[in-house]
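Novice: Everything below, folded, please.
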Amino acid sequence: MDAFYTINSKDVSTETWQFNVSLNENHPVYKGHFPQKAVAPGVMLTQMIKNLVEGEMGRELKMSSARNIKFLNMMLPDSASNVDIEITVKEEDELAVNAQAKIQEEVYFKIAARFV
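Specialist: Predicted coordinates:
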């Protein structure tokens with residue numbers, strides 16, 4: 001995940017955490033996904049959400065289930081310099097995480113998962 005994204009800003013003072021990130025269009029993952037037209041891999045986007053939550057929770061997490069992961073639009077790194085991410089976290093028996101990423105007002109992916 002090193003250098004896959006940069007956090008431009010964050011606000012975790014409310015129930016819904018807000019992040020603004022930029023994807024690094026020069027990251028090596030794009031050489032294989034796909035060299036002619038780079039697309040952010042879903043696994044990397046999912047890992048980014050996990051990393052953001054871990055950073056705020058101050059501990060490592062392991063995904064125990066993913067009830068819903070939807071990739072609604074291809075996230076192209078050359079146009080992903082201003083990605084807004086909203087995350088809600090509820091501590092239950094596990095950590096329930098719901099997140100979505102948008103560029104402008106268009107939703108690119110959503111995830112509902114549980115972590116331990």
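
Novice: If you count neighbours, what's buried in stretch 101-108?
Specialist: For stretch 101-108, burial by neighbour count (16 or more other CB atoms under 10 Å) applies to 101, 102, 103, 108. Any C-beta I mention is one placed from the backbone N, CA and C, and that applies to glycine too.

Novice: Just flag the most distant two among those residues.
Specialist: By the measure CB to CB, 101 and 103 form the most distant pair in the buried residues of stretch 101-108, at 7.7 Å.

Novice: which residues do these two both contact?
Specialist: Common neighbours of residue 101 and residue 103 are listed as 75, 83, 84 (criterion: CB atoms under 8 Å, 6 or more residues apart in numbering).

Novice: Can you list which of these are found in strands?
Specialist: Secondary structure defined by DSSP state E assigns 83, 84 of the shared contacts of residue 101 and residue 103 to strands.

Novice: Closest to residue 3 out of the shared contacts of residue 101 and residue 103?
Specialist: Closest approach between the shared contacts of residue 101 and residue 103 and residue 3, by CB to CB: residue 83, at 15.3 Å.

Novice: Enumerate every residue touching that closest one.
Specialist: Residue 83 makes contact with 5, 20, 21, 22, 23, 75, 101, 102, 103, 108, according to CB under 8 Å, 6+ apart.

Novice: got the buried residues of stretch 101-108 as TSV, with pLDDT columns?
Specialist: Shown next, in TSV, are the buried residues of stretch 101-108 (pLDDT from 0 to 100):
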residue	pLDDT
101	98
102	98
103	97
108	97
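
Novice: Among those, which one lies nearest to residue 79?
Specialist: Closest to residue 79 out of the buried residues of stretch 101-108 is residue 103 (7.1 Å), distances taken as CB to CB.

Novice: The closest one contacts residue 79, doesn't it?
Specialist: Yes. Counting by CB atoms under 8 Å, residue 103 does reach residue 79; the two are 7.1 Å apart.

Novice: ok so residue 48 is a strand residue?
Specialist: No. Counting by DSSP: H, G, I helix; E, B strand; the rest coil, residue 48 falls outside a strand, being helix.
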